[in-house]
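> Okay, structure incoming, though there's no sequence with it:
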């Protein structure tokens with residue numbers, strides 16, 4: 001009996017194509033959470049000095065969704081929340 005992938009019926013299950021897609025999907029499931037945490041942390045770290053000096057720049061404005069809801073002392077809280085989840 002032959003089975004095909006639901007999202008792409010041209011890909012037969014348990015073939016080389018299917019295995020490569022499965023490997024890629026598993027890779028993203030593993031890398032995405034850790035990568036997001038590293039990215040958020042790096043962005044917030046880069047914003048630390050301008051936020052402390054109260055001199056907003058393009059980066060602090062672009063990443064405001066990560067820190068604007070928090071007091072200046074707790075600007076890193078969003079990264080902590082992401083790590084907790």
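Thanks, I have it. Note that this is a predicted model, so its numbers are computed, not measured.

> helix/strand/coil for residue 20?
Classification of residue 20 using DSSP: H, G, I helix; E, B strand; the rest coil returns helix.

> Show me the helices in this protein, by range?
16-53, 58-62, 64-67, 77-84 (DSSP state H).

> The second one: which residues count as buried?
Within helix 58-62, the residues that qualify as buried by neighbour count (16 or more other CB atoms under 10 Å) are residue 60. C-betas here are computed from N, CA, C, even on glycine.

> What are the contacting residues of that helix?
43, 46-47, 50-51, 67 (CB atoms under 8 Å, 6 or more residues apart in numbering).

> Got a PyMOL select line for the buried ones in these?
One line in PyMOL is enough to select the buried members of the contacts of helix 58-62, burial here meaning 16+ other CB under 10 Å:
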select buried, resi 43+47+51+67
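
> Redo the contacts of helix 58-62 as CSV? Include distance to residue 6.
Shown next, in CSV, are these (distance: CB to CB, whole Å):
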residue, distance to residue 6
43, 36
46, 41
47, 42
50, 47
51, 46
67, 40
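
> how about the contacts of helix 58-62 in CSV, adding distance to residue 3 and pLDDT?
As requested, the contacts of helix 58-62 are exported to CSV (distance: CB to CB, whole Å; pLDDT from 0 to 100):
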residue, distance to residue 3, pLDDT
43, 43, 91
46, 47, 91
47, 49, 90
50, 54, 90
51, 53, 87
67, 48, 84
